[in-house]
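Undergrad: build me a structure from this.
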Amino acid sequence: MGVCMRERLNLYLDLIRWNRPAGWLLLLWPSLSALWVAADGWPGWHLVAVFVLGTILMRSAGCCINDVADREFDRHVKRTADRPVTRGAVSVREALLVGAVLALAAFGLVLTTNPAVIVWSFAGLAVTLIYPYAKRYVSMPQAVLGVAFSFGIPLAFVAVGSANLAWQDINLQTLSEAVPMQAWGLMLFNLFWVLAYDTEYAMVDRDDDIRIGMKTSAITLGRHDISAIMAFYAVYLCGWYGLLVSEKLGGAWTFALIMAGLQALWHFLLILDRSREGCFRAFRLNHWLGATVFAGLVLGYGMR
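TA: Below you'll find the predicted structure:
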């Protein structure tokens, strides 16, 4: 019995990509960065814990939903053919149950914040559920993923700015006011970073996706894919710099953005020949770019 349970646990860990943390790190860095901006510095251990654990749980739940939605397509793609749901090692019902448990655990963390965050979290959940099916109908589904992977930014601002909001105060006006324009701006520019790294990811599977009729940004952009990726990186970094100029974060922040830009140039060299290995490596390294931006913010606020 112990061996069987261990085997099931290993399958579940494989299902949620436990050994590939790059996915949840790509979600985490923008959310933590937004927390620091919203709090004008250190946001406190409670919110940091909620966003770190919540990010890991929701990304893991998203993997379950994505694998169920894509199980018929994944068997025709080299990189995904061996996923637990695709090969039948984990049933659809089982994967959805695991995803539901993880999502409920994340919601339990949300309940420790404030009513505005609770309400806004349902919008984030809706985008998470929509994304796996966007690849069938939207020519740039990476934009939908960009919204999902950037939604922690407005949630961070709501968590900090609406801490004293009670349930009786919740209405459309207060929910709208809970998210300032700066948060929407940071979310918009972060979406371009998601477009950059997920287009690199899509370039890995381009041949398989064309054959099975999947829509991706790598296919839509065609021969302009690399130039578009570099433009996406530039819009992201310049956008965040412009939105945070008024914060007066000093040289640490500027240096961090320069280092992030140099990483983007490194990714350009990795994807230049459009090889599967180079594109996949560039994608996997993107969490370091996000970590660099976050580190610059932490140092900027800390030294201000």
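Undergrad: quick one: the helices in the stretch 1-150 of the chain?
TA: Ranges of helices in the stretch 1-150 of the chain, per DSSP state H, counting those that start in this stretch, are 2-15, 22-39, 45-69, 71-74, 92-110, 115-134, 141-150.
Undergrad: mind checking which of those is nearest Asn286?
TA: Counting by C-beta to C-beta, Asn286 lies closest to helix 22-39 out of these; the figure is 6.2 Å. Yep, even glycine has a C-beta here, placed from its N, CA and C like the rest.
Undergrad: quick one, what contacts Met303?
TA: Gly250, Ala252 (C-beta atoms under 8 Å, 6 or more residues apart in numbering).
Undergrad: typo on my end, it should be Phe149
TA: Counted by C-beta under 8 Å, 6+ apart, Phe149 has contacts Leu26, Leu27, Pro30, Asn190, Val194.
Undergrad: same question, Ala49
TA: No contacts exist for Ala49 under C-beta under 8 Å, 6+ apart.
Undergrad: centre of the chain versus the least confident helix or strand in the chain by mean pLDDT, how much separation?
TA: In the chain, the helix or strand scored least confidently by mean pLDDT, DSSP states H and E is helix 71-74, which has a mean of 78. Remark: helix 71-74 is offset 22 Å from the chain centroid, using C-alpha atoms, centre = their mean, to the nearest Å.
Undergrad: just the CA trace of that helix, in CSV.
TA: What follows is helix 71-74, C-alpha atoms only, in CSV (Å, rounded to 0.1, in the frame of the first residue of the first chain):
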residue,chain,number,x,y,z
ARG,A,71,-4.9,16.0,-23.3
GLU,A,72,-5.9,15.2,-26.9
PHE,A,73,-3.5,17.7,-28.4
ASP,A,74,-0.6,16.9,-26.0
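Undergrad: got the buried residues for that helix?
TA: By neighbour count on 16 or more other C-beta atoms under 10 Å, the buried set for helix 71-74 is Arg71, Phe73, Asp74.
Undergrad: how about stretch 179-187?
TA: Val179, Gln182, Ala183, Gly185, Leu186, Met187.
Undergrad: element containing Met187?
TA: helix 181-204 (DSSP states H and E).
Undergrad: output the contacting helices and strands for that helix.
TA: helix 22-39, helix 141-150, helix 152-161, helix 217-221, helix 225-243, helix 250-271, helix 276-303 (3 or more C-beta pairs under 8 Å, 6 or more residues apart in numbering; DSSP states H and E).
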